[in-house]
Each structure stands twice: as C-alpha cells, then as structure tokens.
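Asker: what follows is a predicted protein model with its sequence.
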Amino acid sequence: MYYVYIIQSEKDKMFYIGFTSDLMRRFSEHNTGLATSTKHRVPFTLVSYECCLNRNDAIHREKCLKTTYGKRYIKNRLKNFLLE
C-alpha cells in the first residue's frame, strides 16, 4: 500500500505533497528534520492522505496534485481546514 500525503508547515503555512509506503515513518522524518526537502520548515501537520494499491498510481497522483489544477483541487477540498 502506498500513500500520497499533504502536510502543512506550521512555520510558513505552505503545503508539501509526497508519497510513501510508510506514512507515519515519513511524517516523523519531516517533523524531526530528517527530510532534506522540508527540514527548514518544521513542524508539520498532516492535512490529508490517500491510499493507492500501486506505486505507479501513487506517483501519478502525487504529480497530479503538484500541478496548478491539483493545487486548486487541494484548496477546494480543504476549504474548511484553511478557514481555521
């Protein structure tokens, strides 16, 4: 099982989108600064995740969410969360 996840930095409120086969381990890596791509933006909140049965499907979904249309989808999907 693979997970496509969205985390939000509590520092700058920006989103990070990624995929992994072990969601809790990866989230912990982001929050402890072990992930080089996000170490300067800790701490994070897990905002959303989706499950995929296939690695290629997870990669495709991650790439889709990183596009302009994907970012628009995220903002619409998380509208109530973003109002808080």
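Answerer: Arrived safely. Numbers count the residues shown, from 1 in each chain.

Asker: output the least confident helix or strand in the chain by mean pLDDT in CSV with nothing but the alpha carbons.
Answerer: Here the helix or strand of the chain ranked lowest by mean pLDDT, DSSP states H and E is helix 79-83, holding a mean of 78. Taking C-alpha atoms only, helix 79-83 is exported to CSV below (Å, rounded to 0.1, in the frame of the first residue of the first chain):
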residue,chain,number,x,y,z
LYS,A,79,-11.6,24.8,2.2
ASN,A,80,-12.9,24.4,5.8
PHE,A,81,-9.5,23.4,7.2
LEU,A,82,-7.9,26.5,5.6
LEU,A,83,-10.6,28.8,7.2
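
Asker: can you give me the helices for the chain?
Answerer: According to DSSP state H, the chain carries its helices in the segments 23-32, 55-65, 68-77, 79-83.

Asker: ok, which of those comes nearest His40?
Answerer: helix 23-32 (11.4 Å; CB to CB). Glycine gets a C-beta too; all of them are placed from N, C-alpha and C.
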